[in-house]
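fold the following.
(chains A and B)
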Amino acid sequence: MTFLLNLVMATYPQTWRERYEEEFRAMLEQCELSISDWLDMFFTALETRSGYTRRELMKDLLNRLTGLIALVSALGFGSVFLIPHEDTAEFMLTVSPILSVLLIPAMHRILKIHRPKMSFAVMMTAILAVLLIVFAMVANLMTENILIVGSFTTMSLILIGIWLISVNGLAISTGTLPLPLGMVGIFAGLGWIVTVTTTMVTSLTEMSFNGTGLFGAFYGVMLMALLIGYFVWAIGTGLYFISGKVSRKLQLVY
Amino acid sequence: MSGLPDLGRFSDPALLILASLAGGEKHGYSMMEDIEMISGIKLGPGTLYGAIGRLEEHGFIEVIETNDRRKPYRLTGQGLSALEETLQKMNRFAQTGLQRVGDAK
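Residues are numbered from 1 along each chain as shown, chains lettered A, B, ... in the order given. Coordinates of the predicted model:
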C-alpha cells in the first residue's frame, strides 16, 4: 500500500505535493481506501498535473491506445514472413489488418472526428463486414459447400478493403491524418481488395491466372501495395495516434 | 459576486465542501464524513483535495495553521457570500419547481 501511495503521490505535480501531501497522507491514514478511491486519486492527480478534465484525459488515452493497437497489428502483419506454419501465417495476414481497420474508425466515431452521415456509412460497412465474417464462420461449420463459405468470406474481406479506403478518404477530407499516410492507406485498401478477390476466385473456381502480362504486372503492384502499403500505413497511423497529435489536432488536450 | 465560479467537474464537490465548512471548521476526513451525512454523497479523497485546492486558490476557504499534520479549513467571507448566493439560486429554483409540481397535481 505504501508503494502504491508513493506511486500515486508521484503522479501529482511538485507544487501540489509541497502544499498538500502531508495533510493528504494524514487524512488517508483514517480512510479505508476502496479501488474507486485509488482510481479517484490517480485521475485527480492527472487532472491536476495536466489541467484537463478526466473525460478529456480518457479520450486522449483511448486515442493513444488505438494507435498502439494499430502498431501491434502492423507488427503481427509483418511477423507473417517469420511464421513457417502456413495456416497461422494466413490467419495473421487476415486478422492483423482487420484489427486495426476495425478499431481506428470506431475510435474516430467515439471522438466524433467525422461528419455523422459519412461516419454512419463507414460504420455500416464495418458492421456488414463483421456480420459476413460471422456468417462465413457459421457456414463453415454447417456445410462443406466451399462456394457458400467462400462467397461470404470474399464479400466480408472486400468490405474491409472498402472500409480501409473510405476511412482514409475521410481522414484526408477532415485532415485527421497527414495526406501521404491517407494515400498509402487507400492504395493498401485497393491492394487488399484485388489480392483477396483474386486469391478467392482462384481457390473457388480452380482457375489459374497467368502471372505474366498486364494482369500479372497489375496483380504484382497490388500485392506490393497491400504488403508494404498496409505495413507502412499501420505503423504510421499507430505512431501518429500514440504521439498524441490527433488529440492535439482535436484540441482534446495540450 | 455571483456565486461560485466555474470549477469544471469540481463545482459540485466545491459546493458540498463550502456547505460543510459553513457548519464550522473541519479537516479533510471530517469534511468527507460530514458531506456524506448531510448529502449522502461520498467524495473520493482525490476529488475532495482537488476541490479544496481550487477553492483555496479562489480564496473561498483558508487553512488554519496548526502543529497537527491534519490541517483544518474554514470559510472566508468571500466563500460564505458565494455559498449564500449559490444556495439562494438553488432555493429559488426549488421553490418554483415545487410550486409547479403543486399546480400540476
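
the strands in the chain, which residues?
Unless you meant another one, I'm taking chain A. Assigned strands in chain A: none (criterion: DSSP state E).

actually, chain B is the one I wanted.
Under the criterion DSSP E, chain B contains strands at B:61-63, B:73-75.

closest to chain A out of these?
Closest approach to chain A among the strands of chain B is made by strand B:61-63 (8.4 Å; Cβ to the nearest Cβ). Any C-beta I mention is one placed from the backbone N, CA and C, and that applies to glycine too.

which residues are contacting the closest one?
Identification of contacts with strand B:61-63 by Cβ atoms under 8 Å, 6 or more residues apart in numbering or on different chains yields B:17-18, B:21, B:52, B:55-56, B:71-76, B:79.

out of these, which touch chain A?
B:52, B:71 (Cβ under 8 Å from any Cβ of the partner chain).

now, which of the contacts of strand B:61-63 lie within helices?
If you go by DSSP state H, the contacts of strand B:61-63 have B:17-18, B:21, B:52, B:55-56, B:79 in helices.

which among the residues you listed gets closest to chain A?
B:I52 (7.6 Å).

hang on, the closest one packs against B:M32?
No: applying Cβ atoms under 8 Å as the test, B:I52 and B:M32 come out as separate, 11.0 Å apart.

can the ones in helices among the contacts of strand B:61-63 go into TSV with extra columns for neighbour count?
TSV is the format used below for the ones in helices among the contacts of strand B:61-63 (neighbours: other Cβ atoms under 10 Å in any protein chain shown):
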residue	neighbour count
B:I17	29
B:L18	22
B:L21	25
B:I52	25
B:L55	26
B:E56	17
B:G79	24
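
and A:L179, how many neighbours does it have?
Neighbour count of A:L179, defined by other Cβ atoms under 10 Å in any protein chain shown: 11.

likewise for A:L204?
Number of residues near A:L204 (other Cβ under 10 Å) recorded here: 15.

wait, it touches A:I148, no?
No: using Cβ under 8 Å, A:L204 is not in contact with A:I148; the gap is 10.4 Å.

redo the contacts of strand B:61-63 as JSON lines? Include pLDDT.
Formatted as JSON lines, the contacts of strand B:61-63 follow (pLDDT from 0 to 100):
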{"residue": "B:I17", "pLDDT": "96"}
{"residue": "B:L18", "pLDDT": "95"}
{"residue": "B:L21", "pLDDT": "96"}
{"residue": "B:I52", "pLDDT": "94"}
{"residue": "B:L55", "pLDDT": "93"}
{"residue": "B:E56", "pLDDT": "94"}
{"residue": "B:K71", "pLDDT": "93"}
{"residue": "B:P72", "pLDDT": "95"}
{"residue": "B:Y73", "pLDDT": "96"}
{"residue": "B:R74", "pLDDT": "96"}
{"residue": "B:L75", "pLDDT": "96"}
{"residue": "B:T76", "pLDDT": "96"}
{"residue": "B:G79", "pLDDT": "95"}
